[in-house]
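**Student:** everything below, folded, please.
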Amino acid sequence: MAPFIYTILIISLGLGTTMTFASNHWYLAWMGIEINTLAIIPLMTQNHTPRETEATTKYFFTQATASATLLFASVSNAFLVGEWDILQTNHPATSALMTLALAMKVGLAPLHSWMPEVMQGLTLATGLILSTWQKLAPLCLLYQMQLNNPNILISMGLLSIIVGGWGGFNQVQLRKILAYSSIAHLGWMILILTFSPPLTLITLITYLVMTFSLFSSFMLTRTTHINSLSTSWAKIPALTASIPLILLSLGGLPPLTGFMPKWLILQELTKQDLTQMAALAALTSLFSLYFYLRLSYSMVLTMPPNNPSGTLPWRLNPKHNTTLTTLTITTTILLLPVTPAILTLFTF
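**Tutor:** Model (predicted):
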């Protein structure tokens, strides 16, 4: 792809999301989401492989269905309520329809089946964009909507935590595992959205940092399959020691950063007298922890059948910039002690 075209697509990708962030009109927000979707489609097919074409086609049809549903619901809401304002989504039917359309956009269960298949057909760099940046605009709209019936979001949140953990059990492709991990983390965000929106924002930012560090680590080691994790020690030994900590942080184990949002969410659910829901969310998160531990075991506790011959790659001069990866890995591992400062910053 030509650098000029690539630059235009990246700018359009940012412009669409920013337009949705800045809008309070449903039609303008829908336009921003469409610009964002149309900008990422050429990025998904830049290598022109059959698998990428298949994944892009699935993504296009799914996003087109969700966009059409969202536009229909916003027009119906304007007809029934007389307002295009996002904060004036008061009619129960249109509110539920918009929620389902946005849930399909981000890949919440039970509307999640497209995401693992699409992620499997993409490169790690494009999969990183799909797992992080593409979720910001729909989550912003869900954040702003005033829902009459929050039970829809709560049900989809719990179901996403279960599906995200259960679906990654028998997977050997890292991109599919990361897709199910994304579904599970989205479930935590949506579960607490009705009760404490600032906690959703904290969880989202923490998820973005952890996911970026894990994707960038896999890109540096060029790893896409669980069997190739055992050879990563020969490429970048320091990174091989850090990736299990990133995985355990994604699983939510203390004293790592990933423990903070889950701890705060369970605490808030308990304060809302939803102890059973908190217990169910905590127990179902063990499913996700299983395949994180499985990846950690494959990386640091197994050895390849044959030692690589010749000079080990880590002895050569590195040709990649690891500054941003180092910063995000440090944040992923060591952010838990500053939890009080983070809560003070986001409680407004």
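**Student:** is residue 39 in contact with residue 9, as I believe?
**Tutor:** Yes. Using Cβ atoms under 8 Å, residue 39 is in contact with residue 9, at 5.0 Å. Quick note: C-beta positions are derived from backbone N, CA and C, even for glycine.
**Student:** give me the below-cutoff pLDDT ranges for this protein.
**Tutor:** Within the chain, the set of residues satisfying pLDDT under 70 comprises 303-319, 348.
**Student:** domain-wise, how is it divided?
**Tutor:** 1-148, 150-305+321-348 (automatic domain parsing).
**Student:** start and end of the shortest one, how far apart?
**Tutor:** From the first residue to the last, domain 1-148 extends over 46 Å; the measure is Cα to Cα, to the nearest Å.
**Student:** just give me how far it sits from the chain centre.
**Tutor:** 13 Å (Cα atoms, centre = their mean, to the nearest Å).
**Student:** now stretch 222-234
**Tutor:** For stretch 222-234 - counting by Cα atoms, centre = their mean - the centre lies 22 Å from the chain centre.
**Student:** now do the buried residues in that stretch.
**Tutor:** 223-224, 226, 228-234 (16 or more other Cβ atoms under 10 Å).
**Student:** and if you look at stretch 235-243?
**Tutor:** 235-236, 239-240, 242-243.
**Student:** closest to residue 88 among those residues?
**Tutor:** Using Cβ to Cβ, residue 243 comes nearest to residue 88 of the buried residues of stretch 235-243, at 46.3 Å.
**Student:** same for the host helix or strand of residue 57, what does it pack against?
**Tutor:** Per DSSP states H and E, residue 57 falls inside helix 50-81. If you count contacts as 3 or more Cβ pairs under 8 Å, 6 or more residues apart in numbering; DSSP states H and E, helix 50-81 packs onto helix 26-44, helix 92-106, helix 114-120.
**Student:** reformat those as JSON lines; add distance to residue 187.
**Tutor:** Listed next are those as JSON lines, based on distance: least, Cβ to Cβ, whole Å:
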{"stretch": "helix 26-44", "distance to residue 187": "21"}
{"stretch": "helix 92-106", "distance to residue 187": "11"}
{"stretch": "helix 114-120", "distance to residue 187": "13"}
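**Student:** of all these, which lies closest to residue 271?
**Tutor:** Of all the helices and strands packed on helix 50-81, helix 92-106 comes closest under Cβ to Cβ, at 24.4 Å.
**Student:** contacts for that closest one, please.
**Tutor:** If you take Cβ atoms under 8 Å, 6 or more residues apart in numbering as the criterion, helix 92-106 is touched by 33, 62-63, 65-67, 69-70, 72-74, 76-77, 80-81, 89, 111, 134-135, 137-139, 141-142, 145, 147-149, 152-153, 156, 186, 190.
**Student:** any of the residues you listed buried? List them.
**Tutor:** Among the contacts of helix 92-106, those classed as buried by 16+ other Cβ under 10 Å are 33, 62-63, 66-67, 69-70, 73-74, 77, 89, 111, 134-135, 137-139, 141-142, 145, 147, 152-153, 156, 186, 190.
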